[in-house]
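Asker: Here is my input; please provide its structure:
(chains A, B, C and D, ligands or ions: 2)
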Amino acid sequence: MADQMYREYILDHYKNPRNFGRLEDADISHEENNPLCGDVVGMDIKTRDGVIDDVRFHGRGCAISQASASLLTERLKGMSLEDAREIGKQDVLEELGIEISPARLKCALLALKVLKVGAYGLSQEDE
Amino acid sequence: MADQMYREYILDHYKNPRNFGRLEDADISHEENNPLCGDVVGMDIKTRDGVIDDVRFHGRGCAISQASASLLTERLKGMSLEDAREIGKQDVLEELGIEISPARLKCALLALKVLKVGAYGLSQEDE
Amino acid sequence: MSMSTSIYEHPTGSGDPAGAPLDVTAIRRDFPIFETGVAYLDSANTSQRPNQVVQKMEEYYRQYNANVERAAYKLSEQATAEFEAVREKVRVFINARSKNEIVYTSGTTAGLNLVAYSWGRTNLKAGDLIVCTVMEHHSNLVPWQLLAQEKQARLEFVDIDEQGRLRRDQFDALLRQEPRLVAFTHVSNTLGTVNPVKELTAEAHAAGALVVVDGAQGAPHLGFDVQAADVDFYAFSSHKMCGPTGVGVLYGKRALLDAMPPFLAGGEMISAVRLEGTTFREPPHKFEAGTQAIAEVIGLGAAIDYLQGLGYPAMRAHEDALTDYAYESLSELDGVRIFGPPPGPDKAGVLSFDVAGIHPHDVSTILDRTGVCVRSGHNCTQPLMHRLDVAGTVRASFFLYTERAEIDRLLAGLKEAQRIFA
Amino acid sequence: MSMSTSIYEHPTGSGDPAGAPLDVTAIRRDFPIFETGVAYLDSANTSQRPNQVVQKMEEYYRQYNANVERAAYKLSEQATAEFEAVREKVRVFINARSKNEIVYTSGTTAGLNLVAYSWGRTNLKAGDLIVCTVMEHHSNLVPWQLLAQEKQARLEFVDIDEQGRLRRDQFDALLRQEPRLVAFTHVSNTLGTVNPVKELTAEAHAAGALVVVDGAQGAPHLGFDVQAADVDFYAFSSHKMCGPTGVGVLYGKRALLDAMPPFLAGGEMISAVRLEGTTFREPPHKFEAGTQAIAEVIGLGAAIDYLQGLGYPAMRAHEDALTDYAYESLSELDGVRIFGPPPGPDKAGVLSFDVAGIHPHDVSTILDRTGVCVRSGHNCTQPLMHRLDVAGTVRASFFLYTERAEIDRLLAGLKEAQRIFA
Ligand SMILES: Cc1ncc(COP(=O)(O)O)c(C=O)c1O
Ligand SMILES: Cc1ncc(COP(=O)(O)O)c(C=O)c1O
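Answerer: Ligands and ions are numbered 1, 2, ... in the order given. Got it, this is the predicted structure:
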């Protein structure tokens, strides 16, 4: 039975997360937790001339939050900070490409929140 | 139309309260209020050899609380403190001789409470 | 006859602003309690609830009864969605900037205490001044007394004039003493006085004070626009506005809520708990500890829908007409003395009065025997009773479902009381 | 198989003490939500409500909807009578000495905070010790953290052993430091551990401490006898015991309640209010400020009737049998690790576990797709999660209406999750 949510590539990113780990000399380093489940995602970003040179994420969480973080880091590499700022919730959800139930939205968007708060000090509304 | 509650003698005691006023040199003097309506009844008692020599009440309130106080003072005069201690809620209600709705029970029993707390330090359960 | 619409034009009032009259006969069919034949003139105490509200809660209990936020299954998602949709409804209802400024409470009293504890204990210091008024309900008075006591702050009260309006000269004089906090009611539950919240707030702000408004009577009967009036806090109760008991709302400006420490602590309001210490969520969740009144919040949403479906202008016009009629009729009875302003734009549908020679309790008991429900006593405004120098009042209050015939029954009952006590 | 009846033999348990089994099929007909086909295994979060409870509240809304105590008409008298009759029901339910020891609250969280604010702020001083445990729900932990912080008191936590029972050696050691207050849960909402409340209380009292017990899980599933256990405070919530949301109970010993200052201030809890200061009513009214959750209190009364009609021994036997079955079945699944004590007299119908390689959230999402509702995450016990060194758990919990088939659906769903994540 194919699962709508736990697709092959989601499970792959969960089991084999890309860019997982820490960066020693990160320029941006931030961590957020999801108060409803206690899950954590952190991100280290190295920039050069306003461009994201390298990025790693760490933390623990469900398949959705980890796959979302893994996918986001892939996208971020080589992107300008300016462009990265434009990444929206909808972009992240589209990239995930699966149907997300409301209760899991926070999981799917946790990595984005880390980026937004860490890199731009944008405190998203808690909703 | 004869009223079940506002009988002739109740209204009479309300309009012409017996033993209304204060006693200068009371041995017992106490006041209580009904927190639900703010009504007040106070009582001054003079005793001699354990007998209630004189009694006055004051305060303001509804026909029921004032008539009940008036009736109680009539009964108390000349009674021993020991006997007065035995006066119960039922006695007061019988003396009133009217049907009292639950919300008005506190009015009917306010004077008795003043006596009990003032003379015997009995704190009735607040019910 | 004053038929003016609400002085707080409701931002989303969907009713015809010209005041297409309420169809009270139809409305009363939504309230099964009227089948009992009771004349219910105590809505300022608690309102009746329409079928729509009760059914909405039943739907929750029968179809998606689950806790909110905590769980990741559909039942809980539906409950959470409904629960949070009401927050948005409330936001629109009082025109708050953000739904994060809407804190669910157990009622007005709880909301005002939240401000006293959380804001008050953090920000007040000895010698600071709090300004309150003599017309306040105990719930907007005793919390400030306790706070002032704890902090050794000063508490001063604005008096009323002979018609039951706030004495603006005293208000101004107290503002010159630079209070930290000014607390007053939108509408007096005893006098029916509608305070000019926007003006008073602007003056208080100019004097550097925060403004807490008790909206227990204002929200149901006039509606309120928190941005237009620019108040800092506004508290109200569901049960007075056709919603269920057990729930209420505290509005607070986001920046204030952000800076305030939590009040009650427990589940849901935390961000991370360690044995060594805890971090908290953002408002409004920071102030919503433990399982919330879920069914009741959902019921409140249905109540807001109901009220907005009728529209505040029409409701207000209806209540105004009743108030005019009752005021005139009562004025014609010998020995009846009415407290508070006469009908007009600064008077809500609340009439308090006494009857010479008859205690308010006795009046209400006699009225009750004819099926007429009114409040009697101090109406939780004892200081105002002292100010008026009365033991209590009889209070008749009107709402969207009140009909003229109920006022006629009130008048007949009063005559009967006068006959008995003659 | 452990089929023992409650270790707190219920004082008034009307069920057959020998444990005449529950007729679960009949019971489930009282809960219309089961018609939706959902397998509801999250009762430790919030329970479902039977028709009897919803109808009782409807009756209030439709027939005698009025505020309590404040008014002197029949509608209000009836509401007051029902409201106060529930107080007596609760008294009998937990066998309190007097109904004046029964304080209505908005829930367990509110009750525990009441103790922390009112008793705690009056009685604790710098350096005093509060003893808590690592298995507590945030609602019985964060209030003590905030109190300790404010008062510069010390807060120490009793650890658990490998089976999830309190470490009595640590408990004893902490008691030797003469704490002022000991706070622990009757039943752990994560581990299902039933703490020996009576023994712990006796020891704490011998050491001079007061005892606050969190009864959120204990009251619904075991019942409780406050006199037998001699606890000082016991808090629980209606919504976990088949009653409505928005209401709960705090039991406190009369002498303690008498000596405590009020917490929330406002209508109903006052004796006399003057501008200069206020005097307060006796308990329980002193702690019940503002309009109470009237319909919800009345609904709680119906819930207690419902539970007592079934009888705690029978309910406990039923939950025990389900726990045994689920425990055994889960133990047979590869990669499933169960936390907390094995079935037995000190285990309630709560099973928390994790599944190797699958996050609890993903487990519960997959279960939800098969219509099975379980809790996942930290269950409002983050310190316990850290202690167990897990991100969260999956939790299945049982109640009187749970049937074996629901557990079978849980097992099937877990196998499906394992297949997907294989
Ligand atoms: C053990 C325990 N304590 C306290 C609570 C808090 O109860 P409430 O959320 O009803 O205030 C809960 C339930 O969430 C619980 O399980
Ligand atoms: C003006 C006013 N303020 C506050 C309150 C208190 O509201 P609640 O009892 O719902 O907390 C009331 C109603 O009783 C009121 O009329």
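
Asker: mean confidence score for the longest helix along chain A?
Answerer: If you go by DSSP state H, chain A has its longest helix at helix A:105-120. Average pLDDT, helix A:105-120: 93.

Asker: same question, stretch C:131-150
Answerer: 98.

Asker: For it, C-alpha coordinates in PDB please.
Answerer: What follows is stretch C:131-150, C-alpha atoms only, in PDB (Å, rounded to 0.1, in the frame of the first residue of the first chain):
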ATOM      1  CA  VAL C 131      -7.600  54.600  39.500                       C
ATOM      2  CA  CYS C 132     -10.900  52.800  39.700                       C
ATOM      3  CA  THR C 133     -14.500  54.000  39.900                       C
ATOM      4  CA  VAL C 134     -17.300  53.700  42.500                       C
ATOM      5  CA  MET C 135     -19.600  52.100  39.900                       C
ATOM      6  CA  GLU C 136     -17.400  49.000  39.400                       C
ATOM      7  CA  HIS C 137     -18.600  45.500  39.700                       C
ATOM      8  CA  HIS C 138     -16.600  43.700  42.500                       C
ATOM      9  CA  SER C 139     -14.700  41.800  39.900                       C
ATOM     10  CA  ASN C 140     -13.100  45.100  38.600                       C
ATOM     11  CA  LEU C 141     -12.600  46.500  42.100                       C
ATOM     12  CA  VAL C 142     -11.500  43.800  44.600                       C
ATOM     13  CA  PRO C 143      -8.600  42.600  42.400                       C
ATOM     14  CA  TRP C 144      -7.200  46.100  42.500                       C
ATOM     15  CA  GLN C 145      -7.700  46.300  46.200                       C
ATOM     16  CA  LEU C 146      -5.700  43.100  46.800                       C
ATOM     17  CA  LEU C 147      -3.000  44.200  44.300                       C
ATOM     18  CA  ALA C 148      -2.700  47.700  45.900                       C
ATOM     19  CA  GLN C 149      -2.500  46.000  49.400                       C
ATOM     20  CA  GLU C 150       0.200  43.600  48.200                       C
END
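
Asker: can the longest helix of chain A be found next to chain D?
Answerer: Yes: against chain D, helix A:105-120 shows contacts by CB under 8 Å from any CB of the partner chain at A:C107. C-beta here means a position set from N, CA and C on the backbone, and glycine is covered the same way.

Asker: Up against chain A, what does chain C have?
Answerer: By CB under 8 Å from any CB, the residues of chain C that approach chain A are C:69-74, C:76-77, C:80-81, C:84, C:98-100, C:270-272, C:281-282, C:285.

Asker: quick one: which of those sit in strands?
Answerer: C:I270, C:S271, C:A272 (DSSP state E).

Asker: From what I see, C:L414 and C:L367 are in contact.
Answerer: Yes: contact criterion CB atoms under 8 Å: C:L414 and C:L367 qualify, at 7.3 Å.

Asker: and stretch C:156-168, anywhere near ligand 2?
Answerer: No: Stretch C:156-168 is not in contact with ligand 2 by CB under 6 Å from any ligand atom; minimum separation 13.8 Å.

Asker: Show the average pLDDT along that stretch.
Answerer: The pLDDT scores in stretch C:156-168 average 98.

Asker: start to end distance for it?
Answerer: Counting by CA to CA, to the nearest Å, you get 14 Å between the two ends of stretch C:156-168.

Asker: and the closest residue in space to C:E403 that isn't next to it in sequence, how far is that from D:I94?
Answerer: With CB to CB, 6 or more residues apart in numbering or on different chains as the criterion, C:E403 has its nearest non-adjacent residue at 5.2 Å, and that residue is C:V24. Separation of C:V24 from D:I94 (CB to CB, to the nearest Å) stands at 46 Å.

Asker: which stretch of helix or strand covers the closest residue to C:P342 other than its chain neighbours?
Answerer: Excluding the flanking residues, the one nearest C:P342 by CB to CB, 6+ apart is C:Y327, at 6.4 Å. Per DSSP states H and E: C:Y327 is located in helix C:312-331.

Asker: what's the answer for A:I52, then?
Answerer: Element membership for A:I52 (DSSP H and E) is strand A:51-60.

Asker: How about the helix or strand that comes right after that strand and chain D, touching?
Answerer: Per DSSP H and E, the first helix or strand lying C-terminal to strand A:51-60 is helix A:63-76. Yes: Helix A:63-76 reaches chain D (CB under 8 Å from any CB) through A:A63, A:I64.

Asker: So which bits of helix A:63-76 are buried?
Answerer: A:A63, A:I64, A:S65, A:Q66, A:A67, A:S68, A:A69, A:S70, A:L71, A:L72, A:T73, A:L76 (16 or more other CB atoms under 10 Å in any protein chain shown).

Asker: is that helix anywhere near chain C?
Answerer: No: counting by CB under 8 Å from any CB, no contacts exist between helix A:63-76 and chain C, the nearest distance being 10.3 Å.

Asker: so C:L147 sits right up against C:L124, yeah?
Answerer: Yes: when contacts are counted by CB under 8 Å, C:L147 is listed as touching C:L124 (6.6 Å).

Asker: Look up how far D:Q78 lies from C:T108.
Answerer: Per CB to CB, C:T108 is found 24 Å from D:Q78.

Asker: Show me what from the stretch 251-400 of chain C comes close to ligand 1.
Answerer: Residues of the stretch 251-400 of chain C lying near ligand 1 (CB under 6 Å from any ligand atom): C:G266, C:G267, C:G290, C:T291.

Asker: Next up, the contacts around the residue in the stretch 101-250 of chain C positioned nearest to chain B.
Answerer: Evaluated by CB to the nearest CB, the stretch 101-250 of chain C has C:H138 as its residue closest to chain B, separated by 10.6 Å. The neighbours of C:H138, taking CB atoms under 8 Å, 6 or more residues apart in numbering or on different chains as the test, are C:C380, C:T381, C:Q382, D:A265, D:G266, D:G267, D:I270, D:V273, D:T278.

Asker: A:L72 is in contact with A:R18, correct?
Answerer: No: at 9.8 Å, A:R18 does not count as touching A:L72 under the criterion of CB under 8 Å.

Asker: near chain D, which residues of the stretch 251-400 of chain C?
Answerer: Counting by CB under 8 Å from any CB, the stretch 251-400 of chain C sits next to chain D at C:262, C:264-268, C:270, C:272-275, C:277-278, C:289-296, C:361, C:364-365, C:367-368, C:372-377, C:380, C:382-383, C:386.
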